[in-house]
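Peer 1: Sequence below, structure please.
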Amino acid sequence: MRILFVHQNFPGQFPHLAPALAARGHQVIALTDEKNQRPSPVPVVRYQAPQPLEKPPQLGKTYAEYAERGWMAARGCRALRDRHGFTPDVIIGHSGWGETLFLKEIYPDAKLLIYAELLYRTRGQDVGFDPEFSSATDESRVLTVARSAHLIQGIVQADAALSPTRYQADSFPLELRQKITVIHDGIDTRHIRPDPDARLILPGGQALKPGDEVLSFVVRSLEPYRGFHIFMRALPRVLAARPNAQVVIVGGEGVSYGGVPKDAESWKIKMMSEVGPRLDLSRVHFLGRVPYVQYLSLLQVARVHCYLTYPFVLSWSLTEAMAAGPLIVASDTEPVRELIVDGQNGRLVPFFDVDVLSDRLVQGLAGDPDAPRLTTAARQTITGGYDLHNHCLPAQIAWVESFASMG
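Peer 2: Numbers count the residues shown, from 1 in each chain. A predicted model of the protein is given here:
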């Protein structure tokens, strides 16, 4: 087959699937934003990045911006078709940024498969979940509906869709959910595994190793959506109870989800002003964003890994931490419960209960007697259903190739 991947930040969710399909003899190329500099495992062509819109209306802002990106992606495909004679049998794209919106107009006979990451909902997800920073007003719900328009259009146009978890698939309404197949992106458990020889060198030169009292917290951005404020509020008690504990925090100071704080330049600055005076800062290490090898070393040396999230997209870091060996202490929220059962393969705590979180983190750092059983079970959860090579990638390939004979 001729297969076209479309993703503004390619390879995005497809770093394994794209080269695996190419290795099976399919002609695979990718269309991406001209500004994307990430290395690609397959040949890449680029579309012109859309220009910022001047004063778009509030309710139509998201759709207007993503429709413009969709048109630029469609123009890129038109050039592929008209100038280079490339007509794909299958298009695989992420619908989150509008790039797939108009591709059926360029390639009407191609099968359009989308990565359906999440549909925003006005109830039961992030909107109004954390009343400290988000209120479930009529205005916020209306804005959420408006932000969903391109996602609904994207899956309506698609022939089929892929979601990484059941929770994320179930964010779509029932009449659209029948298009969705659930296959996780996949965790390379051959590479991501406990390593007794792992070492993490802190900026000051201190080396951390497995067995040390290390508490890890990893997010793309330090923000409430991933429970950064709850974690920081738990730290004073944790550090007081465990004088040898080292806390290592990975994440940027920008915002990936939600908004910036109203009274500070970043969520890190806001939370440090709140709890910083009660922390032993010689034992709290903010590393910012780090290379993958350093991130993996952190998971491998950590005794306890804390993962907190609103009801939202599940982070890769949770599944990778489950494979790497630390005891998982996580929020008792719906996306997490799909992978972790309290007392079976990790510890779950109420998202907002700082005291319970502190107690669980202290218990884990002190040497939870159930930790060996829980960490073994956590890794078995990943190897049993989320392993890249034995489960997810073969399932993804079979799903794509099932459209070869459909015409």
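Peer 1: By mean pLDDT, flag the weakest helix or strand of this structure.
Peer 2: helix 138-147 (a mean of 91; mean pLDDT, DSSP states H and E).
Peer 1: List of residues touching it?
Peer 2: Helix 138-147 is contacted by residues Gln58, Leu59, Gly60, Thr62, Tyr63, Tyr120, Arg121, Thr122, Arg123, Val127, Gly128, Ser134 when judged by C-beta atoms under 8 Å, 6 or more residues apart in numbering. The way it works is simple: take the backbone N, C-alpha and C, and place the C-beta from them, glycine included.
Peer 1: tell me what whichever helix or strand comes after that helix is packed against?
Peer 2: Per DSSP states H and E, the first helix or strand lying C-terminal to helix 138-147 is helix 149-157. Judged by 3 or more C-beta pairs under 8 Å, 6 or more residues apart in numbering; DSSP states H and E, the packing partners of helix 149-157 are helix 61-84, strand 111-115, helix 174-177.
Peer 1: Mean pLDDT added to these, as CSV?
Peer 2: CSV is the format used below for the helices and strands packed on helix 149-157 (pLDDT from 0 to 100):
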stretch, mean pLDDT
helix 61-84, 96
strand 111-115, 98
helix 174-177, 95
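Peer 1: Would you tell me which of these gets closest to Glu105?
Peer 2: In terms of C-beta to C-beta, the element of the helices and strands packed on helix 149-157 nearest to Glu105 is helix 61-84, at 6.6 Å.
Peer 1: Remind me what the closest one packs against, helices and strands.
Peer 2: strand 2-6, strand 27-33, strand 44-47, helix 103-106, helix 138-147, helix 149-157.
Peer 1: Could you tell me the angle between the second one and helix 61-84?
Peer 2: Pointing back at strand 27-33 there. 140 degrees (axes from the mean of the first three to the mean of the last three C-alpha atoms, to 10 degrees).
Peer 1: what's the nearest residue to Tyr310 if we skip its chain neighbours?
Peer 2: Among residues not flanking Tyr310 along the chain, Asp126 sits closest, at 4.5 Å (C-beta to C-beta, 6 or more residues apart in numbering).
Peer 1: what's the least confident stretch among the helices and strands packed on helix 61-84?
Peer 2: When the helices and strands packed on helix 61-84 are compared by mean pLDDT, helix 138-147 comes last with a mean of 91.
Peer 1: thinking again about what came up before, now list the buried members of the contacts of helix 138-147.
Peer 2: Buried by 16 or more other C-beta atoms under 10 Å: Thr62, Tyr63, Tyr120, Arg121, Thr122, Val127, Gly128, Ser134, out of those.
Peer 1: just the strands in the stretch 151-300 of the chain please.
Peer 2: All strands of the stretch 151-300 of the chain, identified by DSSP state E, counting those that start in this stretch, fall at 160-163, 180-182, 200-201, 207-208, 214-221, 246-252, 284-288.
Peer 1: Pairing partners for the first one, with directions?
Peer 2: Sheet pairing of strand 160-163 (DSSP bridges) gives strand 111-115 (parallel), strand 180-182 (parallel).
Peer 1: Identify the residues contacting that strand?
Peer 2: For strand 160-163, the surrounding residues in contact (C-beta under 8 Å, 6+ apart) are 95, 111, 113-117, 155, 169, 179-183, 396, 399, 403.
Peer 1: same thing with the fourth one?
Peer 2: The contact list for strand 207-208 (C-beta under 8 Å, 6+ apart) reads Arg199, Leu200, Ile201, Leu202, Val214, Gln246, Val248, Val301.
Peer 1: In TSV: those, plus neighbour count, distance to Ala18 and pLDDT.
Peer 2: Listed next are the contacts of strand 207-208 as TSV, based on neighbours: other C-beta atoms under 10 Å; distance: C-beta to C-beta, whole Å; pLDDT from 0 to 100:
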residue	neighbour count	distance to Ala18	pLDDT
Arg199	12	33	98
Leu200	26	31	98
Ile201	11	34	97
Leu202	12	36	97
Val214	24	35	98
Gln246	23	39	98
Val248	21	33	98
Val301	25	32	98
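Peer 1: between those, which is nearest Gln363?
Peer 2: Val214 (15.1 Å).
Peer 1: Verify the contact between that closest one and Arg242 for me.
Peer 2: No: if you go by C-beta atoms under 8 Å, Val214 and Arg242 don't touch, sitting 10.7 Å apart.
Peer 1: what pairs with the residue lying closest to Asp159 once chain neighbours are set aside across the strands?
Peer 2: Leaving aside its chain neighbours, Asp159 sits nearest to Lys111 (4.8 Å; criterion: C-beta to C-beta, 6+ apart). Under the criterion DSSP bridges, Lys111 forms beta bridges with Val90.
Peer 1: Isn't Lys111 up against Thr100?
Peer 2: No: counting by C-beta under 8 Å, Lys111 sits too far from Thr100 to count as a contact (12.0 Å).
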